[in-house]
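Trainee: Generate coordinates for the sequence data below:
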Amino acid sequence: MTTENLKNQVDIGAGQLQEGFQHPLVEFKGTLQDYVPETVDQEGRKSRIRVNLQFGDVEAIRTREPYPFPIATLPINFSNQKNSGWGVFSESVAVLLSEDQDIKDCVGKMMHLDMEEGHVYGQDRNTGEDLVGNPWKVVELEGVVAGKAGVAIPTAKDRAKELLVGKTRAEFNKAAYADPIIRKDTSLQRAITDKSFITSLVQLGEVEEDENGVFRATGS
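Mentor: Numbering: from 1, shown residues only. Take a look at the predicted model:
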């Protein structure tokens with residue numbers, strides 16, 4: 001199967017969405033390869049802009065049906081309103097970026113996305129009924145995880161590196177094994193135990209050990 005055929009299989013088009021099509025992915029990780037805006041004509045209504053988020057290296061976590069494909073496209077209608085699919089998505093990304101960054105800075109980075117099913121955007125002006133949708137939220141961006149309050153918190157590896165600086169190996173091990181963030185990451189705990197975590201940081205030039213056995217951030 002060619003790449004183009006694969007794209008045709010997994011791309012979700014405007015027509016499918018208008019017919020109530022639900023994306024098979026509910027939660028997944030993938031590398032954002034591109035974001036492509038397009039103008040979508042709507043019969044009897046003003047045309048609108050849709051942004052197609054294109055992902056590679058897709059790892060399906062929760063799905064409505066089996067999803068074996070390594071790529072995915074998420075089409076989101078562009079809007080300046082916070083209570084919209086694009087508004088919810090962009091707000092979730094914003095807390096994971098610095099103030100001078102935006103969506104273009106996410107290209108090439110791994111995203112962990114989760115569909116918020118049953119999200120209430122507001123109420124219909126005429127009927128008063130809830131306007132409900134299933135917007136996408138980014139809960140992790142290249143190692144930066146969103147906290148429950150929408151504030152970026154360090155990953156377990158970031159936390160371990162932070163704890164290492166200014167400590168000896170024994171002091172670090174004691175602090176790391178007691179840290180609640182690190183205790184949730186069993187693979188990182190193993191790397192600390194077999195010393196490969198510190199070894200990798202030293203080899204990458206991120207930390208160095210001084211004559212007293214204390215680890216310092218390189219260049220500090």
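
Trainee: Show me what the helix or strand containing K174 is packed up against.
Mentor: For K174, the element it lies in under DSSP states H and E is helix 169-178. In terms of contacts (3 or more C-beta pairs under 8 Å, 6 or more residues apart in numbering; DSSP states H and E), helix 169-178 is packed against helix 156-164, helix 186-193. Quick note: C-beta positions are derived from backbone N, CA and C, even for glycine.

Trainee: which residues are contacting that helix?
Mentor: With contact meaning C-beta atoms under 8 Å, 6 or more residues apart in numbering, helix 169-178 is reached by 160, 163-164, 167, 182-183, 189, 192, 198, 213, 215.

Trainee: quick one: least confident of those?
Mentor: Within the set of the contacts of helix 169-178, pLDDT is lowest for R183 (83).

Trainee: you'd agree that one is up against A160?
Mentor: No - assessed by C-beta atoms under 8 Å, R183 is found out of contact with A160, at 11.0 Å.

Trainee: quick one, which of these two is more surrounded?
Mentor: Using other C-beta atoms under 10 Å, the more surrounded residue of R183 and A160 is A160, with 24 against 13.

Trainee: how far away is the more buried one from E171?
Mentor: Counting by C-beta to C-beta, to the nearest Å, the gap from A160 to E171 is 13 Å.

Trainee: quick one, strands of this protein?
Mentor: Ranges of strands in the chain, per DSSP state E, are 25-42, 45-63, 72-77, 110-115, 119-123, 130-133, 136-141, 144-146, 152-153, 207-209, 215-217.

Trainee: So which of these is nearest Q101?
Mentor: strand 136-141 (10.1 Å; C-beta to C-beta).

Trainee: That closest one pairs with which strands?
Mentor: If you go by DSSP bridges, strand 136-141 pairs up with strand 110-115 (antiparallel), strand 144-146 (antiparallel).

Trainee: number of nearby residues for T199?
Mentor: Residues contacting T199 under the criterion other C-beta under 10 Å number 11.

Trainee: re the thing from before, out of the helices and strands packed on helix 169-178, indicate the one that is most buried.
Mentor: Highest mean neighbour count among the helices and strands packed on helix 169-178 (mean count of other C-beta atoms under 10 Å): helix 156-164, with a mean of 19.

Trainee: Mind pulling up the pLDDT for the residue nearest to S79 when sequence neighbours are not counted?
Mentor: Of all residues not flanking S79 in the chain, W86 sits nearest, at 4.9 Å (C-beta to C-beta, 6 or more residues apart in numbering). In the prediction, the pLDDT value recorded for W86 is 92.

Trainee: looking at it, W86 is touching F78, isn't it?
Mentor: Yes - the criterion here is C-beta under 8 Å, and W86 meets it with F78 at 5.1 Å.

Trainee: Could you tell me which residues touch both of these two?
Mentor: In contact with both W86 and F78: V51, using C-beta under 8 Å, 6+ apart.

Trainee: Comparing those two, which residue is more hemmed in?
Mentor: Set side by side, W86 and F78 show more neighbours around W86, with 19 against 16, by other C-beta under 10 Å.

Trainee: Tell me which residues touch the more buried one, please.
Mentor: Taking C-beta under 8 Å, 6+ apart, one finds 51, 76-79 in contact with W86.
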